[in-house]
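1. structure of the sequence below:
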Amino acid sequence: MRAGASIGYASRAQVPMFYAYTDPGYGSYKAVREDLFFGHILLMVVCLIFGCVHLLAWFSDFPNHTEHLLWRICSVAITVLPPIYALPVLLLRSVLPQDSLELSPNRKNLQAMLLQLIVFVQLAIPPFYFIARLFLLIEMIISLRNLPSSAFMNVTWTTYFPHV
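-> The predicted structure follows:
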């Protein structure tokens, strides 16, 4: 291609830089909502598995009792907080009607109160989750200061894998 040659983009369809999804109809919006619903469930399952991996160190040795106790608390926190964060939204999404015009005034007040509770929970939980994850990361690094002597022994891999 020659230097300075330009390509004619006028004939090609382009997506604007700040593209936002436009809803052409109720049916497609419903499909997007269902995809988000299953995405939230998948995210919650992955967070539960990640938290359970940290719970495997429940009976491990730690340099002192305080660090061991904090590890247990933070492991439980990163296991339990994601479902607490996601379940109210997932349950209310399936229970509450999508069209608020169908609701009576009492149900609208209840819906508004529930939505305020959800917003409060979703704003309060992420800082605790972040602090627990940060502590676990820091504790993993500081635990390297007190390794057992067997960690410094050379492993003769040929006894375990003869083909090496």
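2. residue 53: neighbouring residues, count only.
-> Per other Cβ atoms under 10 Å, the neighbour tally for residue 53 reads 12. C-beta: built from backbone N, CA, C; applies to glycine.
3. so where's the protein uncertain?
-> Applying pLDDT under 70 to the chain flags residues 1-36, 93-104, 164.
4. check it for its longest helix and report it.
-> helix 105-142 (DSSP state H).
5. next helix or strand past that one?
-> helix 157-160 (DSSP states H and E).
6. for that following helix, list the C-alpha coordinates in PDB.
-> What follows is helix 157-160, C-alpha atoms only, in PDB (Å, rounded to 0.1, in the frame of the first residue of the first chain):
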ATOM      1  CA  TRP A 157      12.400 -34.700  40.100                       C
ATOM      2  CA  THR A 158      13.900 -37.800  38.400                       C
ATOM      3  CA  THR A 159      12.800 -40.000  41.300                       C
ATOM      4  CA  TYR A 160       9.200 -38.900  40.700                       C
END
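7. any idea how far it is from the chain center?
-> How far helix 157-160 lies from its chain's middle: 40 Å, per Cα atoms, centre = their mean, to the nearest Å.
8. got it, and stretch 107-115?
-> Worked out by Cα atoms, centre = their mean, stretch 107-115 lies 27 Å from the chain centre.
9. then stretch 130-150?
-> Averaging C-alpha positions (Cα atoms, centre = their mean) puts stretch 130-150 22 Å from its chain's average.
10. residues contacting that stretch, please?
-> Contact partners of stretch 130-150, identified using Cβ atoms under 8 Å, 6 or more residues apart in numbering, comprise 54, 62-63, 67, 70-71, 73-75, 77-78, 81.
11. please save the CA atoms from it in PDB.
-> What follows is stretch 130-150, C-alpha atoms only, in PDB (Å, rounded to 0.1, in the frame of the first residue of the first chain):
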ATOM      1  CA  PHE A 130     -12.300  -5.500  48.800                       C
ATOM      2  CA  ILE A 131     -10.800  -5.300  52.300                       C
ATOM      3  CA  ALA A 132     -11.100  -9.100  52.800                       C
ATOM      4  CA  ARG A 133      -9.400  -9.800  49.400                       C
ATOM      5  CA  LEU A 134      -6.700  -7.300  50.100                       C
ATOM      6  CA  PHE A 135      -5.900  -8.900  53.500                       C
ATOM      7  CA  LEU A 136      -5.800 -12.400  52.000                       C
ATOM      8  CA  LEU A 137      -3.400 -11.200  49.300                       C
ATOM      9  CA  ILE A 138      -1.100  -9.400  51.900                       C
ATOM     10  CA  GLU A 139      -1.300 -12.400  54.300                       C
ATOM     11  CA  MET A 140      -0.200 -14.800  51.500                       C
ATOM     12  CA  ILE A 141       2.900 -12.600  50.900                       C
ATOM     13  CA  ILE A 142       3.800 -12.100  54.500                       C
ATOM     14  CA  SER A 143       3.400 -15.900  55.300                       C
ATOM     15  CA  LEU A 144       6.500 -16.400  53.200                       C
ATOM     16  CA  ARG A 145       8.500 -15.100  56.100                       C
ATOM     17  CA  ASN A 146       7.900 -18.200  58.200                       C
ATOM     18  CA  LEU A 147       8.400 -21.100  55.900                       C
ATOM     19  CA  PRO A 148       9.100 -24.600  57.200                       C
ATOM     20  CA  SER A 149      12.600 -25.900  56.600                       C
ATOM     21  CA  SER A 150      11.300 -28.500  54.100                       C
END
